[in-house]
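1. Only the shape, not the letters, is given here:
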Ligand SMILES: [Ca+2]
Ligand SMILES: [Ca+2]
């Protein structure tokens, strides 16, 4: 088993090993939690919802996880206006701590009518109102649809848990979109049939929202069925989404205080600043640090995931931020995201507003760690690791020792282009830093030598030519340029590949938009063709599913069903180059998926949405939850697909891929995330969909009636 695991590690898929290592403590903690709460079990009938025109949902929340806690054994115990319901089915799933959706077959509901529902766990009188009664079958973006897109929609699909999927019987209903503040109707239409969808197992219908103007909050009311969660279009709704998503990187920073007024007081001092020089083998959670090794001080970079190692894969974060800045320079400004950007020499916060666009500050944070990790011979350590895992609390209280892993040519290879790119973009703001980074870049490129990857070689050559005008570098760009066509085959692959032969647009995009150096038109065309080919391919995948998941049937890696940011990226760049509407439409639709436009109607990004993720596998979220704040915001969990554990009725094993998900902290293939897989692309894409701008987080657009 261990040998198999180590093979996986060498191939750069070490998360499998984490699963094994984490099983034991999670079992113990879940058991203890259950034991302590069982004494105070509390089952609450939270809300009466609908799933169809003749299906009510008795929605219960419980603070314990017991699959059959809601008694559905006797139909006669469930009565609507005194009459027993005709059938019962259920969806039980872990949440905070457990949600029980009990589907009750009843006579067709009549709008405006008062009903009394009796259950074995209490009675409730309610009025069915299609503009106020929430209908679970409407799946919408619960944060903000982009105003840039001309294609906006919600999906409608009836799913009754272990009762399965259903088609609409009879005529397709009409719907209207109403403004919450004054109840006015903004748009109307009729549901359209999309058909049966293998990826979700749903019969899907579409609710067109393209006529809904910028603003909100709005609700969709489907005649005879019920209404959606509130939603907004553009404006503060999209800026909020961009803000929360971008700041997920700040929350994930290593060696940086995360504190008021920039965030909750998670840690007031830099964490993990001492690194032990172990130079140990690459592997997951098996690096032994005795404490007797030499040490050095380092800042920068990101915690990997729910654990705190830093790895070469993370270089895709600064690299993607820099490309996004070059594609959309007008959308990114200084003091845009309320992140600290002025520090003393030990990285205590001095303030913010350093005159540099915040997106470049974030890119610098991700880049500078690798300067510390570079030896004087130019080689770069693969990353830092430890044995086991940090405790579930703020990293300020983490005494775990992290040591260096070996010097690896892939690290120097990737870093050479990243350093040179940063040297070029920081030059207008800080010439001295630019020179330092250029030296780091040259040294890394030399150290990688013959082991440099073709991908990174082109990246380094592009950035070196654009920074220095060096003609040998330009010749290298021309010689290697045909290889960039590989982008269309690798843009949606597991992000570990970007440290190897997988192509990021960042490796050549700068050349397309270069202004200060002469460029070869033939080479520019080749690079543009690579972006276009990837964007076209993604548009095909998008059209292949009823929900905008954007994945072909055979694509699977951890987090691949919530990686729409990565899939949207070529479309976004293609739009930046051509302003052709279909590309921003595609990018926008893809980014709606994790905000709730998915079969489960779940917002997979913490801190946002109405149907939220409660249990991301994240150490510092354990701390913030204990403070009563909820999980750290902006974490996009790996989401549905693959396998895991947890309580669910029906069992997820038999469900379609987009329904295989339980919000269970121990199931890391669903509930964990990484900075380089999950946070990297959304943090860059959502601010663009929000058209840049600043968001004032003192004013939640959903809490204010807007005119
Ligand atoms: Ca680790
Ligand atoms: Ca700044």
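-> In hand now; what should we look at? Nothing here was measured: the structure is a model prediction, and the numbers come from that model. Numbering: from 1, shown residues only. Ligands and ions are numbered 1, 2, ... in the order given.
2. Any residues of the stretch 251-400 of the chain in contact with ligand 1? List them.
-> 285, 307, 309 (CB under 5 Å from the ion). C-beta here means a position set from N, CA and C on the backbone, and glycine is covered the same way.
3. Pipe these into a markdown table and attach distance to residue 150 per row.
-> Compiled in a markdown table, these are given as follows (distance: CB to CB, whole Å):
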| residue | distance to residue 150 |
| --- | --- |
| 285 | 47 |
| 307 | 42 |
| 309 | 43 |
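4. Against residue 619, how distant is residue 665?
-> Residue 665 sits 11 Å away from residue 619, going by CB to CB, to the nearest Å.
5. higher neighbour count, those two?
-> Legend: neighbour count by other CB atoms under 10 Å for residue 665 and residue 619, higher for residue 665 (24 against 21).
6. and the more buried one, helix, strand or coil?
-> Following DSSP: H, G, I helix; E, B strand; the rest coil, we place residue 665 in the coil state.
7. And for it, nearest residue in space, chain neighbours not counted?
-> residue 615 (4.2 Å; CB to CB, 6 or more residues apart in numbering).
8. what about the one you found, how many neighbours?
-> What residue 615 shows, counting by other CB under 10 Å, is a neighbour count of 24.
9. Quick check: it is in a strand.
-> No - under three-state DSSP, residue 615 falls outside any strand and is assigned coil.
10. Quick check: it touching residue 667?
-> No - at 9.1 Å, residue 615 and residue 667 do not qualify as touching, with contact defined as CB atoms under 8 Å.
11. Extract the residue ranges of this protein that are flagged as low pLDDT.
-> Residue ranges of the chain with pLDDT under 70: 1-40, 704-707.
12. who in it is up against ligand 1?
-> So the chain meets ligand 1 at 285, 307, 309 (CB under 5 Å from the ion).
13. list the buried ones in stretch 68-77?
-> 70, 72 (16 or more other CB atoms under 10 Å).
14. who wins for neighbours among the residues of the chain next to ligand 1?
-> residue 309 (25 neighbours).
15. hang on, that one packs against residue 384?
-> Yes - judged on CB under 8 Å, residue 309 makes contact with residue 384 at a distance of 5.5 Å.
16. what do those two both touch?
-> residue 402 (CB atoms under 8 Å, 6 or more residues apart in numbering).
17. Dump the residues of the stretch 251-400 of the chain next to ligand 1 to JSON lines, plus distance to residue 67 and secondary structure.
-> Below are these laid out as JSON lines (distance: CB to CB, whole Å; DSSP: H, G, I helix; E, B strand; the rest coil):
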{"residue": "285", "distance to residue 67": "32", "secondary structure": "coil"}
{"residue": "307", "distance to residue 67": "30", "secondary structure": "coil"}
{"residue": "309", "distance to residue 67": "36", "secondary structure": "coil"}
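18. List just the nearest of those residues to residue 547.
-> Nearest to residue 547 among those is residue 307, at 30.8 Å by CB to CB.
19. Give me the domain ranges for this structure.
-> 43-126, 138-233, 236-606+674-689 (automatic domain parsing).
20. Tell me which of those sits nearest to residue 648.
-> domain 43-126 (5.2 Å).
21. Need the distance between the two termini of the closest one.
-> In domain 43-126, first residue to last residue: 19 Å (CA to CA, to the nearest Å).
22. and if you look at stretch 573-591?
-> 15 Å.
23. Kindly report the same for stretch 191-200.
-> Using CA to CA, one end of stretch 191-200 lies 19 Å from the other.
24. who's in contact with that stretch?
-> 155-157, 168, 172-175, 202-208, 222, 545-547, 549, 551, 553, 598-599, 656-659.
25. try stretch 390-404
-> 29, 254, 266-269, 271-272, 274-280, 287-289, 291, 293, 303, 307-310, 373, 381, 383-386, 388-389, 619-620, 622-623.
26. filter the residues you listed by proximity to ligand 2?
-> By CB under 5 Å from the ion, no member of those lies near ligand 2.
27. Not counting its neighbours along the chain, what's nearest residue 388?
-> residue 285 (5.6 Å).
28. centroid residue for this structure?
-> residue 636 (3.1 Å; CA atoms, centre = their mean).
29. Show me which residues of this structure sit near ligand 2.
-> Residues of the chain lying near ligand 2 (CB under 5 Å from the ion): 334, 341, 354, 356, 358, 361.
30. Return the subset of those lying in helices.
-> Within the residues of the chain next to ligand 2, residues falling in helices by DSSP state H are 358, 361.
31. Most neighbours among the residues of the chain next to ligand 2, which one?
-> Going by other CB under 10 Å, residue 358 tops these with 27 neighbours.
32. what residues are up against residue 685?
-> 324, 565, 568, 569, 572, 587, 591.
33. and residue 519, which of the three is it?
-> coil.
34. Look up the closest residue to it, ignoring the ones flanking it.
-> residue 511 is the one closest to residue 519 (CB to CB, 6+ apart), at 6.1 Å.
35. so where does that neighbour fall, helix or strand?
-> In the assignment (DSSP states H and E), residue 511 maps to helix 509-512.
36. helices or strands up against that helix?
-> helix 316-327, helix 454-468, helix 521-543 (3 or more CB pairs under 8 Å, 6 or more residues apart in numbering; DSSP states H and E).
37. How far off centre is the second one?
-> Counting by CA atoms, centre = their mean, to the nearest Å, helix 454-468 is centred 29 Å from the centre of its parent chain.
38. Compute the inter-axis angle for it and helix 521-543.
-> 130 degrees (axes from the mean of the first three to the mean of the last three CA atoms, to 10 degrees).
39. my read: residue 96 touches residue 613, true?
-> No - assessed by CB under 8 Å, residue 96 is found out of contact with residue 613, at 9.8 Å.
40. between those two, who's got more neighbours?
-> Shown here are residue 96 and residue 613; by other CB under 10 Å, residue 613 has more neighbours (28 against 15).
41. for that one, what are its contacts?
-> Residue 613 neighbours (CB under 8 Å, 6+ apart): 602, 603, 604, 605, 606, 631, 635, 637, 663, 671.
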